[in-house]
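Undergrad: coords below, sequence missing:
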């Protein structure tokens, strides 16, 4: 989908990690959008990926603050041969956990049947973007613990992933904490135990890393 590539290219050119000049806009949101477009672009190698615009005035605007799913844009992923709808990819919208508490997830992969008020049975995989103004700074213990709790409350711990056939971004086939900085100090064993992966150095001028 050409629109995805074009949007990703524009984000890269505008981004602080490309120009080395901080922008006034929220850099965390920019990192979230970069993740979204990289993911959708990568999926196009094996699927048909389509953009579904939102409702006026948000036809082409993704939320920069926690928002309900209804009315905002999303991407849908279809089988390239049959056209069958397989997944939805949402950014910045809420999903309910096992207690009904709403969580604003940076990027979530949801079932084909997920409605506008998704619950834990609708969410297959989640991503949380953590921007660092200093790329040598780590994911904090608090950020790690909070994400682990979300994974548990959304019934994603030990549940596998959405099973996406990724092309070059195979390292994000997990519930991922994504940062342009460094990983936390949590041991790899804790990442395995909690079904969490840390994806680091996530920006165009670095070599992507992950653990475990």
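TA: Good, I have the coordinates. Owing to the predicted nature of the structure, the values given are computational and were not obtained by experimental measurement. Numbering: from 1, shown residues only.
Undergrad: and the next helix or strand past the longest helix seen in the chain?
TA: Ranked by number of residues, the top helix in the chain under DSSP state H is helix 27-43. Using DSSP states H and E, the next helix or strand after helix 27-43 towards the C-terminus is strand 47-52.
Undergrad: what packs against that next one?
TA: helix 2-14, strand 74-79 (3 or more C-beta pairs under 8 Å, 6 or more residues apart in numbering; DSSP states H and E). (Glycine included, C-beta is placed from N, CA and C.)
Undergrad: comparing these, which gets the lowest mean pLDDT score?
TA: Looking over the helices and strands packed on strand 47-52, mean pLDDT reaches its minimum on helix 2-14, with a mean of 51.
Undergrad: quick check: residue 143 is in a helix.
TA: Yes: assessed by DSSP: H, G, I helix; E, B strand; the rest coil, residue 143 belongs to a helix.
Undergrad: show me the contacts for it.
TA: 128, 130, 177, 184 (C-beta atoms under 8 Å, 6 or more residues apart in numbering).
Undergrad: helix, strand or coil for the closest residue in space to residue 139 that isn't next to it in sequence?
TA: Leaving aside its sequence neighbours, residue 139 sits nearest to residue 184 (C-beta to C-beta, 6 or more residues apart in numbering; 4.1 Å). Under the three-state scheme (three-state DSSP), residue 184 adopts coil.
Undergrad: from residue 141, how far off is residue 184?
TA: 6 Å (C-beta to C-beta, to the nearest Å).
Undergrad: so between those two, which is more surrounded?
TA: residue 184 (24 against 11; other C-beta atoms under 10 Å).
Undergrad: pretty sure the more buried one is touching residue 142, no?
TA: No: using C-beta atoms under 8 Å, residue 184 is not in contact with residue 142; the gap is 9.6 Å.
Undergrad: for the protein, just list every one of the helices.
TA: 2-14, 16-19, 27-43, 141-153, 188-194.
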